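Enquirer: A predicted structure for the sequence below; I have some questions about it.
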Amino acid sequence: MPVPADRTAAYRGRMRARFAGVHDCFHDLLDSGRETGAALSIRYDGQPVVDLVGGSTRPTDPTDAIGSGWRSDTLVNVYSVGKPVAALCLLLLVDRGRLDLDDPVARHWPEFRTPATVRQVLTHTAGLPVFPVPRPTAALGDWALLAGDLAAAEPEWEPGTVAAEHALTYGHLVGELVRRVDGRPVGRFLAEEIAGPWRLDLGFGLDAADQQRCADLSYGTPDWPVTTVGVPGSLRARALGNPAGCRDLAVLNGPLWRGAEIPAVNLHATATGLARLYGGLLAGGTLDGVRLFTPELVAEATRVQYDGPDLLLESRTRWTLGMQCEEDGSWGMGGIGGSCAWADPVRGYTLAYTTGRLAAFDRVEALVDALHSCL
């Protein structure tokens, strides 16, 4: 189809005729200005049925008069959508017998003082939702410093008693366990053991070449950094505010953020890569004939492990081993800003939506309504 002159409305992709309603909804989001740059990938009954991209990767750059069009290989920061990806790295080691879910963390990380288990870390019930020492933005690139802070921290409550999403700390807790057990940092482990074998275009800690493929993030509204953090002094504000810079565009769109490993919040991914990942999980651990996980591990990883109040989210939450499970049986994760990826075992599909416009989830909700109408 011809590309419109308006750079925010440029789109391309492929889809099966049955899903024309999804195609129309995606284009409406771009044409109306509700979306400035995004990608959507859906797999149904094990097959790709929708792969759409549109808009600009530089929507706020006044020198980019034409607009750098979003491509199928455009990477974008998806915030907490990366938490299950980090968890899967640790779960692969569990599946291989390198550690057990109910091992004390300190068995593998001797400096770790909190009496939490591996399972409690994975289910956001370890009691460490906040980095305990105030750190500047530069600390985002210092893995040893932040992991050491967590090892020495006192839990905010007895591990296992209540959940609070470990908004920024999750990736360092999970990733340091991966490093202690395997020896490789979590970014390298992901690349070599999961992303490589399953041909997934996503990663932690991008090299210079991959950073060139990244879309810039932009605010949906100017007050987004303030409204998302919550009431000053609240658990949410403390968790999202340290280290500084995690909602600052000057940081998010720069080499420090893109090159660092901050697995709780800085996975950079394509929508196709995420939809393929969930496709492999939905199929019981096998994708394109390559088995990475046993069906038993996938069943345990996607089973509800905690169902109750989440003190950071301030709502009832059903945590699996790294994901949220919804009432309809779907499991996956959304990221602050609007990106999402999940599997719906009942309806038989996986969906990933990646966006550069940091705003609410109404965009993906509209797409899901359109998808369910098609099904």
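Expert: Now that the structure is in, tell me what you want to look at.
Enquirer: show me where pLDDT drops low in the stretch 1-150 of the chain?
Expert: 1-12, 62-67 (pLDDT under 70).
Enquirer: tell me what the nearest residue to Trp198 once chain neighbours are set aside is bridged to.
Expert: Spatially, and ignoring its direct neighbours in sequence, Trp198 is nearest to Leu287 (4.9 Å; CB to CB, 6 or more residues apart in numbering). All C-beta atoms are positioned from the backbone trio N, CA, C, and that covers glycine. Assessed by DSSP bridges, Leu287 has beta-bridge partners Val290.
Enquirer: ok, Leu287 - contacts?
Expert: Shown in contact with Leu287 (CB atoms under 8 Å, 6 or more residues apart in numbering): 198, 276, 279-280.
Enquirer: distance check, it against Pro197.
Expert: Per CB to CB, to the nearest Å, Leu287 is found 8 Å from Pro197.
Enquirer: for the stretch 151-300 of the chain, what spans make up the helices?
Expert: Counting by DSSP state H, counting those that start in this stretch, the stretch 151-300 of the chain has these helices, from start to end: 170-182, 186-190, 196-198, 208-211, 224-227, 235-240, 249-252, 255-259, 271-282, 295-301.
Enquirer: show me what counts as buried in the last one.
Expert: By that I understand helix 295-301. By 16 or more other CB atoms under 10 Å, the buried positions in helix 295-301 come out as 297-298, 300-301.
Enquirer: could you do stretch 276-289 as well?
Expert: Residues 276-283, 285-287 are the ones in stretch 276-289 that count as buried (16+ other CB under 10 Å).
Enquirer: SS state for the closest residue to Asp24 other than its chain neighbours?
Expert: The shortest distance from Asp24 to any non-neighbouring residue, by CB to CB, 6+ apart, is to Ala370 (7.3 Å). Under DSSP: H, G, I helix; E, B strand; the rest coil, the three-state class of Ala370 is helix.
Enquirer: can you count the residues close to Ala370?
Expert: 18 (other CB atoms under 10 Å).
Enquirer: contacting residues for it?
Expert: 21-22, 24-25.
Enquirer: by neighbour count, which of these wins?
Expert: Val22 (27 neighbours).
Enquirer: that one is in contact with His372, isn't it?
Expert: No. Contact between Val22 and His372 fails when scored by CB atoms under 8 Å: they sit 9.8 Å apart.
Enquirer: how close does Lys83 sit to Gly21?
Expert: Distance from Lys83 to Gly21, by CB to CB: 30 Å.
Enquirer: repeat for Gly203
Expert: 33 Å.
Enquirer: ok, so of the buried residues of helix 295-301, who is nearest Val229?
Expert: Ala301 (30.0 Å; CB to CB).
Enquirer: which parts of stretch 333-347 are buried?
Expert: For stretch 333-347, the neighbour count (16+ other CB under 10 Å) marks 333-344 as buried.
Enquirer: ugh, typo on my part, it should be stretch 156-175
Expert: Neighbour-count burial for stretch 156-175 flags 156, 159-160, 162-175 (criterion: 16+ other CB under 10 Å).
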